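Participant: please find the sequence and the predicted model below.
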Amino acid sequence: MTGVMYKVAIIYPKRLEDDIILLIGKFGKAELISVPEDKFVGFKKEVPTELHSFHLLIGLLEKLAQKNNVDIKEHVNKVAGVVPVKLYDLGEIQQELKNLEEFFEISTHVEKLKEKLSKLRLIYGLARNSQKVLEILSREFSAIVTLHAELRDFVLENLSAMNLDFETMEIPKDLRRNVGLAGDVIAFVSAPSRDILNAALAVLKVPGVNELSLDIDEIPRNIKDLENTIYDIESSIKKLTAEFEVSFQERALSLVKLWYKANISRKILTAKTMTAKGEYIGVALCWIPEEYFEEFERLLKNLSPSILIRREKPLKGEAPPSYVKIRGSLSPLASILAQMGYPGEGDIFPWILVSILWALMFGYMFPDIGQGAVLFALGAMFAGVKKIRVGIEKLLGFSGKKAGAILMLAGFSATLFGILFGECFLIGLYPPLLPFLKEHWVEDMASIKWVIKIALFIGIAEIILAMLLFMYKNIKHGHYIEGILGEWALPGMLMYIGLISLGFHFLGITLLPPVTVPIINVRIELVFEKYGMEVLNILDPSKSWPVYMILSGVGLLIISGIIERNLGEYASKLIEMPIGMISNTLSFSRLAGFLIGHAAFSIIASKFKVMGTLTYVAGLAFLNLLIIILETIVVSLQALRLLLYEFSTKWYLGGGRYFKPFALG
């Protein structure tokens, strides 16, 4: 259900502004409103000078965390109860960030050392095969070039033409892989002067030829010194890596704490931009649910008796946020109805009812004990296993907990209907428990007709329920004329029931086949006899009573138009409503269509039996996997579509906005 919202004005001594904002933030159940300056003459809003700096600071902290694989979301709950909620000094946070950057720079330095080490190992491996490598590199003007084998002749010709001293060698695969080189040939080149060397490198600057980025002056001139250098770098890497790993978790937590402090400070400063201040006093406005107002008022009075508090209900034309009371383990299912938007003023939010209807339609289209159990198990994993839940949120941008709850509901419904239809993993275990369905019902025309009728009966029941919700919503909020004479109230109800009954009697429909109640041995049935054209004979009320119901609805709708002084619009509804009612009802026939489609897969599965056991098992596994993946998505969307368009549009507006309380911590 939706709760009543109050608009609260807080007038306080200017010196208490920080305390007021901290109190509202710690309370966490009030949404701040930007104070309009035109309604508070003499009061002005201010933007704190530090706000922009905190914005930039948070961006730097998030980049540093991302660069060093620190997941802020994963660790933020660990620091939430440890870090005090207050406005922090910008300079102190900047200094702490500088210290953290110096620490995390160790990892960057280690990566550079690893890159240098791999290149020195390459040179060491090649120098052991040719003394000329270190001889060339010992000269004042030298360079190292890597290239693809097909460019070797091109490089040799140009280096020979310039009379340069060089040595080319093939790079072993293991060395090339360790260094991450694209080329498979390396050339060591020396020149008599820097200008000649640069000219040679310019000539060789073609795709596939690259100069190896390495400070040649740092390369030792003999094998022994090169070995020692490699050993020293390896030792440095081990030492730095050990130091980094020992302190990493502690520094990562410090980084999250720093982000948390900066984020709290940014929120406080942002809240300050929404208040207005005069010379001595300040004003803050907020929305707060009715049930929390007394507690909020008490906290403010305890802070200072000089604080004035004024509350009022939303004025006409104001759009307060929607405070929806959703509690319990099934609360994620509220997202089904929320697909049409959050409830606005005057809306009702029967999300449990809507969730049950969605599950009912899903199960009717997807009746299978085994597949339903799989969906339920997957939903439990999505909702309960943290790694899977987080993975879904990152992949789909959708709450893993919500996805899990919806899958569990779908799986439960599919299993329940699977029991009624006697099917498990596309295998018929026993004849359907429903009395009007025969064994192998999908091959029996009479059973198929019953499947279609049940789908339409579900649609009729939902449309009548939608009209009842329309009446309840309007009467609850004091709109009595609309709740009784509105298009989806009594006029629509009479017209719809009359139209449906007219069709039933015209065709002749059995709603409930003859059934004998056990123990009391009473036979019951519900049959609309076939009257054909006689149903239109208004001189025989016993057969044409549906026509009188339709005419009664038309009369009430005209009366409503006269009361609302908008007879023209209501007259047009006399044409639109019957067409809409019929099309809405027929739209529910898709329930039967998808149920028959699902049953057809069981026929396909049974055909695999003649192909041998292995083929049968493989084919059955493939079909079940296909259905669980594909049909789950399609059937979910079809059930959702029927809810959102044929059902909810008659009573739910969904024009509200989400209640976002200002919360610190």
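Facilitator: Yes, it's here.
Participant: count of residues packed around the residue nearest to residue 290 when sequence neighbours are not counted?
Facilitator: Nearest non-adjacent residue to residue 290, counting by Cβ to Cβ, 6 or more residues apart in numbering: residue 4, 4.1 Å away. In this view, the C-beta of every residue, glycine as well, is placed from N, C-alpha and C. Residues lying near residue 4 (other Cβ atoms under 10 Å) number 12.
Participant: verify the stated contact: residue 4 with residue 313.
Facilitator: Yes. The criterion here is Cβ atoms under 8 Å, and residue 4 meets it with residue 313 at 7.4 Å.
Participant: what touches both of these two?
Facilitator: Listed contacts common to residue 4 and residue 313 are nil; contacts here mean Cβ atoms under 8 Å, 6 or more residues apart in numbering.
Participant: beta-bridge partners for residue 311, please?
Facilitator: The partner list for residue 311 in beta bridges (DSSP bridges) reads residue 8.
Participant: pLDDT score for it?
Facilitator: Residue 311 carries a pLDDT value of 92.
Participant: now it: how far from residue 447?
Facilitator: Using Cβ to Cβ, to the nearest Å, one obtains 62 Å as the distance from residue 311 to residue 447.
Participant: of those two, give the one with the bigger neighbour count.
Facilitator: Using other Cβ under 10 Å, the more surrounded residue of residue 311 and residue 447 is residue 447, with 19 against 14.
Participant: so what's that one closest to, chain neighbours aside?
Facilitator: The nearest residue in space to residue 447 (Cβ to Cβ, 6+ apart) is residue 441, at 3.7 Å.
Participant: which stretches of this structure form strands?
Facilitator: Listed in chain order, the strands found in the chain under DSSP state E are 5-13, 31-33, 142-147, 165-170, 185-190, 209-211, 276-277, 281-289, 308-312, 423-424, 427-428, 509-517, 522-528.
Participant: in the fourth one, what counts as buried?
Facilitator: This means strand 165-170. 166-167, 169 (16 or more other Cβ atoms under 10 Å).
Participant: tally of neighbours for the residue nearest to residue 447?
Facilitator: Considering only other Cβ under 10 Å, residue 441 is surrounded by 22 other residues.
Participant: that one and residue 451 touch, don't they?
Facilitator: Yes. Counting by Cβ under 8 Å, residue 451 is a contact partner of residue 441 at 7.4 Å.
Participant: kindly export stretch 612-627 (C-alpha atoms) in PDB.
Facilitator: Extracted in PDB, the C-alpha atoms of stretch 612-627 (Å, rounded to 0.1, in the frame of the first residue of the first chain):
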ATOM      1  CA  GLY A 612      17.100 -45.400 -29.700                       C
ATOM      2  CA  THR A 613      17.800 -44.700 -26.000                       C
ATOM      3  CA  LEU A 614      20.800 -42.400 -26.500                       C
ATOM      4  CA  THR A 615      19.000 -40.300 -29.100                       C
ATOM      5  CA  TYR A 616      15.900 -40.100 -26.900                       C
ATOM      6  CA  VAL A 617      17.900 -39.000 -23.800                       C
ATOM      7  CA  ALA A 618      20.000 -36.400 -25.800                       C
ATOM      8  CA  GLY A 619      16.900 -35.100 -27.600                       C
ATOM      9  CA  LEU A 620      14.900 -34.800 -24.400                       C
ATOM     10  CA  ALA A 621      17.800 -33.000 -22.600                       C
ATOM     11  CA  PHE A 622      18.200 -30.600 -25.500                       C
ATOM     12  CA  LEU A 623      14.400 -29.800 -25.700                       C
ATOM     13  CA  ASN A 624      14.200 -29.200 -21.900                       C
ATOM     14  CA  LEU A 625      17.200 -26.900 -22.000                       C
ATOM     15  CA  LEU A 626      15.700 -25.000 -24.900                       C
ATOM     16  CA  ILE A 627      12.400 -24.600 -23.200                       C
END
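Participant: averaged pLDDT, that stretch. What do you get?
Facilitator: Per-region confidence: stretch 612-627 scores 89 on mean pLDDT.
Participant: now do stretch 51-61
Facilitator: With pLDDT averaged residue by residue, stretch 51-61 scores 94.
Participant: list the buried residues of that stretch.
Facilitator: The neighbour-count check on stretch 51-61 (16+ other Cβ under 10 Å) flags 51, 53-54, 57-58, 61 as buried.
Participant: quick one: low-confidence ranges for the stretch 201-350 of the chain?
Facilitator: 327-333 (pLDDT under 70).
Participant: show me where it has its helices.
Facilitator: Read by DSSP state H, counting those that start in this stretch, the stretch 201-350 of the chain holds these helices, from start to end of the chain: 223-272, 290-303.
Participant: turn the buried residues of stretch 51-61 into JSON lines, including distance to residue 40.
Facilitator: Listed next are those as JSON lines, based on distance: Cβ to Cβ, whole Å:
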{"residue": "51", "distance to residue 40": "21"}
{"residue": "53", "distance to residue 40": "28"}
{"residue": "54", "distance to residue 40": "27"}
{"residue": "57", "distance to residue 40": "32"}
{"residue": "58", "distance to residue 40": "31"}
{"residue": "61", "distance to residue 40": "36"}
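Participant: return the subset of the residues you listed lying in helices.
Facilitator: 51, 53-54, 57-58, 61 (DSSP state H).
Participant: these: which two are farthest apart?
Facilitator: Greatest spatial distance among those (Cβ to Cβ): 51 and 61, at 15.8 Å.
Participant: and the closest residue to residue 665 other than its chain neighbours, how far from residue 79?
Facilitator: With Cβ to Cβ, 6+ apart as the criterion, residue 665 has its nearest non-adjacent residue at 4.7 Å, and that residue is residue 85. Note on residue 85: its distance to residue 79, by Cβ to Cβ, is 12 Å.
Participant: what's the answer for residue 419, then?
Facilitator: Distance, residue 419 to residue 79, by Cβ to Cβ: 49 Å.
Participant: helices of the stretch 351-500 of the chain, start to end?
Facilitator: Taking DSSP H, counting those that start in this stretch, the helices of the stretch 351-500 of the chain run over residues 351-365, 369-384, 386-396, 400-421, 445-476, 480-485, 490-507.
Participant: rewinding a little: which one of the strands of the chain lies closest to residue 659?
Facilitator: strand 31-33 (6.0 Å).
Participant: what packs against that closest one?
Facilitator: strand 281-289 (3 or more Cβ pairs under 8 Å, 6 or more residues apart in numbering; DSSP states H and E).
Participant: list the buried ones in the strand it packs on?
Facilitator: For strand 281-289, by 16+ other Cβ under 10 Å, it's 281-289.
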